[in-house]
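Undergrad: Return a 3D structure for these sequence lines:
(6 chains)
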Number of protein chains: 6
Amino acid sequence: MRPSGRTAQQIRPVTITRNFTKHAEGSVLIEFGETKVLCNASVETGVPRFMKGQGKGWVTAEYSMLPRATHTRSQREAARGKQGGRTLEIQRLIARSLRASIDLKALGENTITVDCDVIQADGGTRTASITGACVALVDALNWMRKQGLVKTNPLKGMVAAISVGIYDGEPVADLEYVEDSAAETDMNVVMTEAGQFIEIQGTAEGEAFSYDEMTQLVDIARVSIRELIDIQRSALNS
Amino acid sequence: MRPSGRTAQQIRPVTITRNFTKHAEGSVLIEFGETKVLCNASVETGVPRFMKGQGKGWVTAEYSMLPRATHTRSQREAARGKQGGRTLEIQRLIARSLRASIDLKALGENTITVDCDVIQADGGTRTASITGACVALVDALNWMRKQGLVKTNPLKGMVAAISVGIYDGEPVADLEYVEDSAAETDMNVVMTEAGQFIEIQGTAEGEAFSYDEMTQLVDIARVSIRELIDIQRSALNS
Amino acid sequence: MRPSGRTAQQIRPVTITRNFTKHAEGSVLIEFGETKVLCNASVETGVPRFMKGQGKGWVTAEYSMLPRATHTRSQREAARGKQGGRTLEIQRLIARSLRASIDLKALGENTITVDCDVIQADGGTRTASITGACVALVDALNWMRKQGLVKTNPLKGMVAAISVGIYDGEPVADLEYVEDSAAETDMNVVMTEAGQFIEIQGTAEGEAFSYDEMTQLVDIARVSIRELIDIQRSALNS
Amino acid sequence: MRPSGRTAQQIRPVTITRNFTKHAEGSVLIEFGETKVLCNASVETGVPRFMKGQGKGWVTAEYSMLPRATHTRSQREAARGKQGGRTLEIQRLIARSLRASIDLKALGENTITVDCDVIQADGGTRTASITGACVALVDALNWMRKQGLVKTNPLKGMVAAISVGIYDGEPVADLEYVEDSAAETDMNVVMTEAGQFIEIQGTAEGEAFSYDEMTQLVDIARVSIRELIDIQRSALNS
Amino acid sequence: MRPSGRTAQQIRPVTITRNFTKHAEGSVLIEFGETKVLCNASVETGVPRFMKGQGKGWVTAEYSMLPRATHTRSQREAARGKQGGRTLEIQRLIARSLRASIDLKALGENTITVDCDVIQADGGTRTASITGACVALVDALNWMRKQGLVKTNPLKGMVAAISVGIYDGEPVADLEYVEDSAAETDMNVVMTEAGQFIEIQGTAEGEAFSYDEMTQLVDIARVSIRELIDIQRSALNS
Amino acid sequence: MRPSGRTAQQIRPVTITRNFTKHAEGSVLIEFGETKVLCNASVETGVPRFMKGQGKGWVTAEYSMLPRATHTRSQREAARGKQGGRTLEIQRLIARSLRASIDLKALGENTITVDCDVIQADGGTRTASITGACVALVDALNWMRKQGLVKTNPLKGMVAAISVGIYDGEPVADLEYVEDSAAETDMNVVMTEAGQFIEIQGTAEGEAFSYDEMTQLVDIARVSIRELIDIQRSALNS
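TA: The predicted model follows:
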């Protein structure tokens, strides 16, 4: 039995609020239960130096937790003077996932930066970030089309992500904090609308996991991500 | 005529949402029109090294703008590796203002840190931060009393802040961004419930200002701050 | 009675030594009693990136205390790897004050940086810095005119600054360290030769201050700044 | 056909040189073909602050590429003033992998740090690092047993890692640089001697990958890691 | 013929002003011609961590140039966020030289930090720093004896330093900036009152130098340093 | 008697392995007994900003110790976020020494960076670095000539370096760690093939040293450096 009473495959209620702030070209508040992440997509002309002259665009991401998004206050990274390893690891994952959903040629020499700021954390902040960021990205692309900045739609398809894990001996989807901190194995899966994988990151927190456990985890992740993509599509159509 | 149609002394609609996030001992979303700041107060036992052994507590603050709180994206300070001068100046102002509202002796050897994170900016972020932070601080103090961490109420009275300025030749209250960027003079006033001043910071952006202008600005600030303190009190009573 | 035996409105003896060092285009050692600040103005062609292409110049300032300018040694900011909040706040104040005295158009695309290095501190280092920096700035402008770098005089008028405060219940001017550390309220006022204000920064250190105290403080600041501007003018004429 | 003429499942020649340097408690030079990593394990008494008082030890890792380990010189991270995201991500992976092979209780309040410095890079530096680091760790543990620092062997079993990927449409093991930079999918697998997984990190570089491709990649990884563990065991027995 | 008209062995006029600032336990302004360095010695109880429990004291030094000590303004190291290699090299040299003049046992567990801040530079700032710092150190030691912090005099003897170089084919003493920047070889020599060497640092700027040139340079350095030690002794006796 | 049984003038066995890694234009592993340094020379087109437009090239160096090159592990400088003073001092010395061996005009607007990474330390790491770096530099120059990047040979002659010191009252050459840490005086000498000096850096670690000791140290350094240059020449000819 899960702490929340959810079934093993049941994800938390997901809410996607578009246009959450007014300045960003795409602005989404995504909630996976009590996990809340603000995803703002910003469009800028030009590309970073290492991309110049290739006729292609760039998509990148930054991630941060507000200091009191968690049970106890964590030090502000700006005050510490550097971003931690976990932060860098997560923002690299978000950025790779988003780039996999975009035809960079069709984007032209423009850069989209998606800022994922965790307002409240209760497990699954990186997967909520990816799922919300993709919606913000689509809104930013739509804005670009209206502005005439792109001619064809650079989107190859939606991308969403879920965390799955072995909790109390059983594979479960969308772990909340109390489950995550007790889980023996934790896996984050990023998948496309077409059912192909972008990233699979499985980590043994305590005991190593078996081949069977791995395939079970991937299996439930696929189901959950399909649900998430439906929710993304509904939000975009509303 | 002000861009918003407001009268010279009219402040924007102010909304105070308590318990905006669930982990912080005090958590307030304050809105001054389109300016939105999340103020989270965190209680920690112990005090910074320079305060040790004095039998007194400490109140401090941190301030940050989310990168896309503004019209164009600004670089994330954590990524740049340091907080800018404006950020440090503002968080020092918030912290001094909050400390002026608290009897540090009565707080005991505990520290309260108030994080003010600007979700959306439209002028007046520092005054909204102070006004919201004071409410979050009160909620944190109430939490401490329930926990038995303090015996008497350390609060000396509410504190609120407003920006005033000379816009188009006339003194106006609570400048929004379009007014602020065109204002000749900008003043931030922090006042107590008892009508005494904590901080007055007047700055000539373009032309220097006269003695008369100064007193006019202070006068309208006093009226606005009394309104803000009523709004704080209503929020705390609801 | 003030510790120094001065009357409430009496400022400390002020000495301005021009050409204190030989390389800077303007170099002034200013002394407010035992507070000694070296103000060096450096002229450089070109402007910072954010000012480019506007046909205007730029004036900026940096401030630092030598490690042993104070009673106990403070850590060198270069060794710590960053400038503190107080330093950044003060150098931003000095820079704003100087820019208010200059017609940036008339300056052309040139930058003047005024370095204010506190050799010895005894209260009022920021106001001494502004007062000395303005003289160094004038010397740098005169140098520019001799070099043919500017055609018309960019100076709009002298600017000077004083600290005033409530000490032992009475408003006094030009607080020295022992007064400053005991003062209930501390105000720094920057004023032009024309008697207009550039900055007013009043801070309650202990008790909040009243409207009447505020006006009394501003009143004595005006008298003191007029004295300081006379001293600046005498120094420039000698 | 692979550039090296290897078969799909064939790993590069692996060489493990123990006692490569003389000061470290465990010192291994591992070579995966032209990839060469020096893995030095250092034993220190005590644990980091967050582990204190738990009666457990700690294992951590640091990773770095020498500036000219690669085709073109990359900037030295010490000179840049920070470690990059890729570096932090890799050293976190190495550390997690090593901790999974150790009973931290049996280690006592001691810390082992394994430094993985890449002397020459030709693809697979993180998997070579993990594989070599595990051998260095075992040597350090043996040293501790001789010194009487541990009573029972904290090692739960060997751990090794391999990179696998889809190259030219076919799953291949142990990608070298030319394959890695052309691969559509890249997966790093860390496995225990008992055939359980510690980490699976699959990333779509170009096209997303299918479920079948995932299982094929994991399958060849398992075979390769068993070979690597045999090589580790041989090296330890010699 | 030297630019200044000095003979080859003639040093510039040297002025030592003690008690230049009022807070430091030892405060010396030293002038070698137009080179002016403020040397402040600060006494603190306790020693750095690596010296604890040895019953010995510590002497260290910091060096900095004010940004406009030179012909063109150099960036402030505190603003850049780090001290440059030249700065670190010089302050390590000053500190080693001072430690060589002190019996650290006799100093007890106290630390003396000498801050050498270059007010104006015209060549020889490191040698002026050492020569001035030694006088400030003696004043600080005398203050310690009056305070009863040391029982016996920790001073082993005075230490002074001079730069010598091959200018226009001829060995000359105490190079000023125009000579220094044209010199083929530059040597800094630190010597004790007893005529023994603490440091000899000879550097070929252009052409390498011969054995004979080396001994000629050392010979004139010895004569100059004896003169400097006489000047130090006179300053201390006045 | 020296710990190793060497005579006073006897240097340790020196081994120079060229082409130690495959990417660098010059790659040398140099061993002075148990001290092992990898010296990689990288050729890049263009010069640093301060050298632009002079028609000259640039040679620079970076130095680092692997964390466990020493008896106890030292903190990784990249993790600390800055290079230490000792590191900066040594890399500046290596760079100056190499530049003295090169005609920068003949190098054209190209930059050679030599990375000296200490794999294992046993005294004399800076002198081994200079001696090995010069060989790597020659290999890089030869590569440039083959590529047609330079027309004439920019090399003015070989440069090598040795440490000498007073150990147990006697001048000895090429100190290993146990000697170095006990030595009263330590001198590093850099000399050209033509027998001229590039750098002489003598430091009194304990007692100051006499004129006679200085000349004795320089004398044995000259002999050792001639030996080293023979070894460099042999390595280049093999």
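
Undergrad: Point to the residue nearest the middle of chain A.
TA: With distances taken as C-alpha atoms, centre = their mean, the residue of chain A nearest its centroid is A:I130 (1.2 Å).

Undergrad: Just the C-alphas of the helix or strand containing that one, formatted as PDB.
TA: In the assignment (DSSP states H and E), A:I130 maps to helix A:125-147. Only the C-alpha atoms of helix A:125-147 are listed here, as PDB (Å, rounded to 0.1, in the frame of the first residue of the first chain):
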ATOM      1  CA  THR A 125      10.800  17.600  -9.600                       C
ATOM      2  CA  ARG A 126      12.900  16.800 -12.700                       C
ATOM      3  CA  THR A 127      10.200  14.800 -14.400                       C
ATOM      4  CA  ALA A 128       7.600  17.500 -13.700                       C
ATOM      5  CA  SER A 129      10.000  20.000 -15.000                       C
ATOM      6  CA  ILE A 130      10.500  18.200 -18.300                       C
ATOM      7  CA  THR A 131       6.800  17.600 -18.700                       C
ATOM      8  CA  GLY A 132       5.900  21.200 -18.000                       C
ATOM      9  CA  ALA A 133       8.800  22.600 -19.900                       C
ATOM     10  CA  CYS A 134       7.700  20.900 -23.100                       C
ATOM     11  CA  VAL A 135       4.300  22.700 -22.900                       C
ATOM     12  CA  ALA A 136       6.000  26.000 -22.300                       C
ATOM     13  CA  LEU A 137       8.200  25.300 -25.300                       C
ATOM     14  CA  VAL A 138       5.300  24.600 -27.500                       C
ATOM     15  CA  ASP A 139       3.700  27.900 -26.400                       C
ATOM     16  CA  ALA A 140       7.000  29.700 -27.200                       C
ATOM     17  CA  LEU A 141       7.100  28.100 -30.600                       C
ATOM     18  CA  ASN A 142       3.500  29.100 -31.300                       C
ATOM     19  CA  TRP A 143       4.500  32.700 -30.300                       C
ATOM     20  CA  MET A 144       7.400  32.500 -32.700                       C
ATOM     21  CA  ARG A 145       5.100  31.400 -35.600                       C
ATOM     22  CA  LYS A 146       2.800  34.300 -34.900                       C
ATOM     23  CA  GLN A 147       5.700  36.600 -35.000                       C
END
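
Undergrad: quick one: A:A8 and A:P171 touch, right?
TA: Yes. At 6.5 Å, A:A8 counts as touching A:P171 under the criterion of C-beta atoms under 8 Å. All C-beta spots, glycine's among them, are computed from the backbone N, C-alpha and C.

Undergrad: residues shared between the contacts of the two?
TA: By C-beta atoms under 8 Å, 6 or more residues apart in numbering or on different chains, A:A8 and A:P171 have these common neighbours: A:I220.

Undergrad: So for these two, which sits in the more crowded spot?
TA: Using other C-beta atoms under 10 Å in any protein chain shown, the more surrounded residue of A:A8 and A:P171 is A:P171, with 23 against 14.

Undergrad: Okay, and the beta partners of that one?
TA: Under DSSP bridges, the beta-bridge partners of A:P171 are A:I166.

Undergrad: Could you report the distance from it to A:I198?
TA: 21 Å (C-beta to C-beta, to the nearest Å).

Undergrad: Equivalent analysis for A:S129, please.
TA: 14 Å.

Undergrad: again, but for A:S234
TA: Taking C-beta to C-beta, one finds A:S234 at 22 Å from A:I198.

Undergrad: Pull the contacting residues for the residue nearest to the centre of chain A.
TA: A:L93, A:I94, A:S97, A:L98, A:V159, A:A160, A:A161, A:V190.

Undergrad: Show me the two of those residues that sit farthest apart.
TA: The two members of the contacts of A:I130 with the most space between them (C-beta to C-beta) are A:L93 and A:A160, at 13.4 Å.

Undergrad: Looking at those two, which is more packed in?
TA: Comparing A:L93 with A:A160 by other C-beta under 10 Å, the one with more neighbours is A:A160, at 30 against 25.

Undergrad: That one and A:T131 touch, don't they?
TA: Yes. Counting by C-beta under 8 Å, A:T131 is a contact partner of A:A160 at 4.5 Å.

Undergrad: Pull up the overlap in contacts between the two.
TA: A:L228, A:Q232.

Undergrad: Off-centre distance for stretch A:75-91?
TA: Centre-to-centre, stretch A:75-91 and its host chain are 18 Å apart (C-alpha atoms, centre = their mean, to the nearest Å).

Undergrad: Tell me if it is near chain E.
TA: No. Using C-beta under 8 Å from any C-beta of the partner chain, stretch A:75-91 stays clear of chain E, with a minimum separation of 9.0 Å.

Undergrad: List the contacts of that stretch.
TA: So stretch A:75-91 is contacted by A:61-65, A:67, A:116, A:125-126, A:129, B:62, B:64, B:76-83, B:87, B:115, C:81-82, D:82, D:84-85, D:88-89, D:91-92, F:81 (C-beta under 8 Å, 6+ apart).

Undergrad: Quick check: which element contains A:M214?
TA: helix A:211-237.

Undergrad: which helices and strands sit right next to that helix?
TA: strand A:14-18, helix A:125-147, strand A:159-167, strand A:170-173, strand A:185-192, strand A:197-204, strand D:197-204, helix D:211-237 (3 or more C-beta pairs under 8 Å, 6 or more residues apart in numbering or on different chains; DSSP states H and E).

Undergrad: Can I get those in TSV including mean pLDDT and distance to C:K22?
TA: Below are the helices and strands packed on helix A:211-237 laid out as TSV (pLDDT from 0 to 100; distance: least, C-beta to C-beta, whole Å):
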stretch	mean pLDDT	distance to C:K22
strand A:14-18	98	64
helix A:125-147	98	57
strand A:159-167	97	64
strand A:170-173	96	74
strand A:185-192	96	64
strand A:197-204	96	63
strand D:197-204	96	61
helix D:211-237	97	69
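
Undergrad: Go through those and pick out the most buried.
TA: Greatest average neighbour count among the helices and strands packed on helix A:211-237 goes to strand A:159-167 (a mean of 27), per mean count of other C-beta atoms under 10 Å in any protein chain shown.

Undergrad: what about A:G124, how many neighbours?
TA: Neighbour number of A:G124 under other C-beta under 10 Å is 28.

Undergrad: my guess is it meets A:D180, correct?
TA: Yes. Shown here, A:G124 and A:D180 form a contact pair, counting by C-beta under 8 Å, at 7.5 Å.

Undergrad: mind checking pLDDT for A:L66?
TA: Looking at A:L66, its pLDDT reads 98.

Undergrad: ok, the residue nearest to it when sequence neighbours are not counted to B:E176 distance?
TA: Counting by C-beta to C-beta, 6 or more residues apart in numbering or on different chains, A:L66 lies nearest to B:D117, which is 5.4 Å off, once chain neighbours are set aside. B:D117 sits 20 Å away from B:E176, going by C-beta to C-beta.

Undergrad: Comparing these two, which shows the higher neighbour count?
TA: For B:D117 versus B:E176, the count of surrounding residues by other C-beta under 10 Å is larger for B:D117: 25 against 22.
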